[in-house]
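Engineer: here is the input, now give the coordinates:
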Amino acid sequence: MRKTLFILLLLPFDGCSQGEKLLLQEYSFLVTDGEVTKLHQSNDTLYELKCYIDRPCQPRPKSHYKILSSTRTEEFVILKLERLDTIPLTTNPYPATRYSLLALKAIDNKQLGYLPLSLGLTRQQLDTVQTDFKSLKEKFFFTFFSDTFIKELSSLKKVITKDEALEIIELTKRDDYKTLVEKYSKTETRDMYASGLSAEILNRACIEKGYSPIGAGRTINTLMRQ
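Structural biologist: Residues are numbered from 1 along each chain as shown. Prediction:
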């Protein structure tokens, strides 16, 4: 009996109990055009909100999911999700392929990594899908910033001049940014037009140089057209 209990304690946690709080605050991904994707958890529901840096979030969530279960390791949390959004003007508002698998990386009070692993699954596929945790260490993750960290970032200096914009652009040519792009190219991110990659690179470069990434994409685009 003791041996069995010891083995169970070593296994990853599986199951998201009612009200379990995986996200203790909201986390946001800053896109270069000023759009923001925000993650919010309420009880066992995960919301994706469409927001903007200069105005409130849209009142209706972009999408929302029931958290069916979670599996934890030291670095990652894998969520099994059921999409709750209905498809309008159809006889099948809740399709069988409404399930998905999401990986979150290194959640802390500043940021988390975000990567959809599988979309459009049936419940049977979701129940049988296997996750290679070792391979996740080599994957590209989008960085979402916590509300607390967003406040810190908003206090950093703004990009104002073309020389400052060129300074940030030059930084992105460094080898570690090239490595990031290579990791992205080997990861199935479902990032249409690589807009997420562009935002990830810009956000990292701005922070490294001491500039606020909030609204930096718009400003840099304007400066570089002058």
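Engineer: hey, let's count contacts and neighbours off CA atoms from now on
Structural biologist: Noted.
Engineer: list the buried ones in stretch 104-118?
Structural biologist: Using 16 or more other C-alpha atoms under 10 Å as the test for burial, stretch 104-118 gives L104, K105, I107, K110, Q111, L112, G113, Y114, L115, P116, L117, S118.
Engineer: show residues contacting that stretch.
Structural biologist: Taking contacts as C-alpha atoms under 8 Å, 6 or more residues apart in numbering, the residues outside stretch 104-118 that touch it are 27, 75-79, 100-103, 140-149, 188-190.
Engineer: buried ones among those residues?
Structural biologist: 27, 76-79, 100-103, 140-147, 189.
Engineer: low-confidence ranges in the chain?
Structural biologist: 1-20 (pLDDT under 70).
Engineer: repeat that with 50
Structural biologist: 1-19 (pLDDT under 50).
Engineer: any figure for the gap between S155 and F144?
Structural biologist: Using C-alpha to C-alpha, to the nearest Å, S155 is found at 18 Å from F144.
Engineer: partner residues bridging the residue nearest the centre of the chain?
Structural biologist: Nearest to the geometric centre of the chain sits Y114, at 3.1 Å (C-alpha atoms, centre = their mean). On the basis of DSSP bridges, Y114 is bridged to L104, F142.
Engineer: and R190, how far from L30?
Structural biologist: In terms of C-alpha to C-alpha, R190 sits 17 Å off from L30.
Engineer: run a quick neighbour tally on the spatially closest residue to L156 that is not a sequence neighbour.
Structural biologist: In space, and not counting its chain neighbours, L156 is closest to S212: 4.9 Å by C-alpha to C-alpha, 6 or more residues apart in numbering. Around S212 there are 22 other residues, counting by other C-alpha atoms under 10 Å.
Engineer: my read is that S212 contacts K157, right?
Structural biologist: Yes - when contacts are counted by C-alpha atoms under 8 Å, S212 is listed as touching K157 (5.9 Å).
Engineer: now do the strands in the protein.
Structural biologist: In the chain, the strands defined using DSSP state E lie at 27-30, 35-42, 45-52, 63-72, 76-83, 99-105, 111-121, 142-146.
Engineer: of all the ones you listed, which one comes closest to Q226?
Structural biologist: With C-alpha to C-alpha as the measure, strand 35-42 is the member of the strands of the chain nearest Q226 (23.1 Å).
Engineer: list the buried ones in the closest one?
Structural biologist: The neighbour-count check on strand 35-42 (16+ other C-alpha under 10 Å) flags E35, V36, T37, K38, L39, H40, Q41 as buried.
Engineer: residue contacts, the third one?
Structural biologist: The one in question is T37. Counted by C-alpha under 8 Å, 6+ apart, T37 has contacts S28, F29, L30, V31, E48, L49, K50, C51.
Engineer: let's see that with 10 Å instead.
Structural biologist: By C-alpha atoms under 10 Å, 6 or more residues apart in numbering, the residues touching T37 are 27-31, 48-52, 57, 62, 144.
Engineer: then the last one?
Structural biologist: Listed by C-alpha under 10 Å, 6+ apart, the contact partners of Q41 are 19-27, 47-48, 64-67.
Engineer: please check the residues you listed and keep the buried ones.
Structural biologist: L22, L23, E26, Y27, Y47, E48, H64, Y65, K66, I67.
Engineer: farthest pair within those residues?
Structural biologist: Pairwise across the buried ones among the contacts of Q41, and taking C-alpha to C-alpha, the largest span is found between Y27 and K66, at 17.8 Å.
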